[in-house]
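> starting from these lines, generate the structure:
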Amino acid sequence: MNISTVQINTTTAQLGITTTPGRQSIQQPQATVDIRQPKAEMNISTTHGVLTIDQTQAWADMNRKHIFQRIKETAAEGRQKALEGTGRRAAEGRELADIHKGGNAIVMQAARHTTRNYETGLTWIPSHGSVNIHYRPGDVHIQAQARPVENNTRPNKPIINYQPGSVNVQLKQYPSIDFQFVNKTI
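Here you go, the predicted model:
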């Protein structure tokens, strides 16, 4: 017996894809920098400190006085001793003048002239506090005026180059269907 059959043959479609990648480049130029700092105005004034040292008393304690001071003191001491001597002699003269009233004036005067009083003791040369020190501190006045920064910096825009990519699609093989009738005997 002959049976007709249909035989179907198909061919699939084939696609071909070709791509070209895109390219991008970015360049960033440096910023244009323009910064200035004006100098600050500063004014400084000072008052000098003053140190005074007076050691006149210390030199006097060591008997190393200035010649004018020594002359002045010696003259004052000589005048005082002269006045004391004059007074003592006048008193002794009165005692001797009153010898008729009784008493032993000559013996008493001799006894006064033979006894002497000496002062002894420990002294510091120069004496404590004989050097006078005085200090007046100085002063510093500072006046400063700051100036603001002048900033004229400008950023530069980036340079961007872009080349787009592409995709090409082609049909390499068309699809097909083939029908055949075949007679088969069974």
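
> quick one: low-confidence parts of the chain?
1, 186 (pLDDT under 70).

> now the helices for it?
Along the chain, counting by DSSP state H, helices occupy 56-61, 67-97, 105-114.

> contacts only, for A76.
Not one residue lies near A76 by Cβ atoms under 8 Å, 6 or more residues apart in numbering. Just so you know, the C-beta spots here come from the backbone N, C-alpha and C atoms, and that holds for glycine as well.

> excluding chain neighbours, give the residue nearest to the most centrally placed residue in the chain in space.
Nearest to the geometric centre of the chain sits I142, at 13.6 Å (Cα atoms, centre = their mean). Excluding the flanking residues, the one nearest I142 by Cβ to Cβ, 6 or more residues apart in numbering is I44, at 5.2 Å.

> surely the one you found is in contact with D139?
No. I44 is beyond contact range of D139, at 11.3 Å (criterion: Cβ atoms under 8 Å).

> which neighbours do these two share?
Counting by Cβ under 8 Å, 6+ apart, I44 and D139 have no contacts in common.

> show the backbone phi and psi for the residue nearest to G49 when sequence neighbours are not counted.
In space, and not counting its chain neighbours, G49 is closest to G138: 3.7 Å by Cβ to Cβ, 6+ apart. Per-residue torsions, G138: phi -80, psi 180 (degrees, to the nearest 10).

> for K39, the count of nearby residues, please.
K39 has 7 neighbours, counted by other Cβ atoms under 10 Å.

> can you tell me how far it sits from P148?
According to Cβ to Cβ, to the nearest Å, K39 and P148 sit 12 Å apart.

> and S130, how many neighbours does it have?
Using other Cβ under 10 Å, S130 has 17 neighbouring residues.

> ok, it touching I53?
No. Using Cβ under 8 Å, S130 makes no contact with I53, being 11.5 Å away.

> what residues does stretch 119-131 touch?
Contact with stretch 119-131 is made by 53-55, 57-62, as judged by Cβ under 8 Å, 6+ apart.
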